[in-house]
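[1] dropping the sequence and predicted coords here.
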Amino acid sequence: MIRVEVVRAWPRRHESRWLELPDGSAVSDVLVALDHAGPVAVFGERVRPERLLADGDRIEVLRPLVADPKDLRRRRAARGTP
C-alpha cells in the first residue's frame, strides 16, 4: 500500500486529505476516487493519468484559469503597473 496526499486549493482556502492506494496505482486511480476529470499535478508538475504514483506523492487538483495570464500582463503593462 502507498499513501498519497491530495490537495485542492481556492483563493482563500485549501483542502488536503490522504488516500491509501495499492502499490502500482496510477494518477487515474486517484481521479476515479475523487470523481474528477480535470488536470492534476504531482509536486507542481502536470502529469498524465497513466503516471505511476509513489508513496508520499502530493497530487494537486488543478482548477481552470479564470483569465489568460499573458493578457493580464499586457493589460498591466499598458496601465504601467507591475
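    Thanks, I have it.
[2] average pLDDT for stretch 54-64?
    Stretch 54-64 carries an average pLDDT of 93.
[3] same check on stretch 72-82?
    84.
[4] show me what that stretch is in contact with.
    Residues outside stretch 72-82 that contact it (Cβ atoms under 8 Å, 6 or more residues apart in numbering): none are found. All C-beta spots, glycine's among them, are computed from the backbone N, C-alpha and C.
[5] ok, now stretch 47-67?
    Contacts for stretch 47-67 (Cβ under 8 Å, 6+ apart): 2-10, 21, 24-31, 34, 36, 38-44, 46.
[6] put the buried members of the residues you listed into a ChimeraX selection.
    Of these, the buried ones go into a single ChimeraX selection, burial set by 16 or more other Cβ atoms under 10 Å:
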select :2,4,6,8,21,25,26,27,29,30,31,34,40,42
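[7] quick one: which of the contacts of stretch 47-67 sit in helices?
    Of these, the ones assigned to helices by DSSP state H are Val27, Ser28, Asp29, Val30, Leu31, Leu34.
[8] TSV please, covering these and showing pLDDT.
    Shown next, in TSV, are those (pLDDT from 0 to 100):
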residue	pLDDT
Val27	95
Ser28	94
Asp29	93
Val30	92
Leu31	90
Leu34	86
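[9] which one of those is nearest to Glu15?
    Nearest to Glu15 among the ones in helices among the contacts of stretch 47-67: Leu34, at 11.0 Å, using Cβ to Cβ.
[10] confirm for me that the closest one is in contact with Val4.
    No. Under the criterion of Cβ atoms under 8 Å, Leu34 is not in contact with Val4, lying 11.3 Å apart.
[11] flag every buried residue along the longest helix anywhere in the chain.
    Looking across the chain with DSSP H, the single longest helix is helix 69-79. Within helix 69-79, no residue counts as buried by 16+ other Cβ under 10 Å.
[12] distance of Arg3 from Asp57?
    Arg3 is 9 Å from Asp57, where distance means Cβ to Cβ, to the nearest Å.
[13] apologies, that question was intended for Val42.
    For Val42 relative to Asp57 (Cβ to Cβ), the value is 5 Å.
[14] cool, Pro49 as well?
    Counting by Cβ to Cβ - Pro49 and Asp57 are separated by 14 Å.
[15] perfect, I'm done here.
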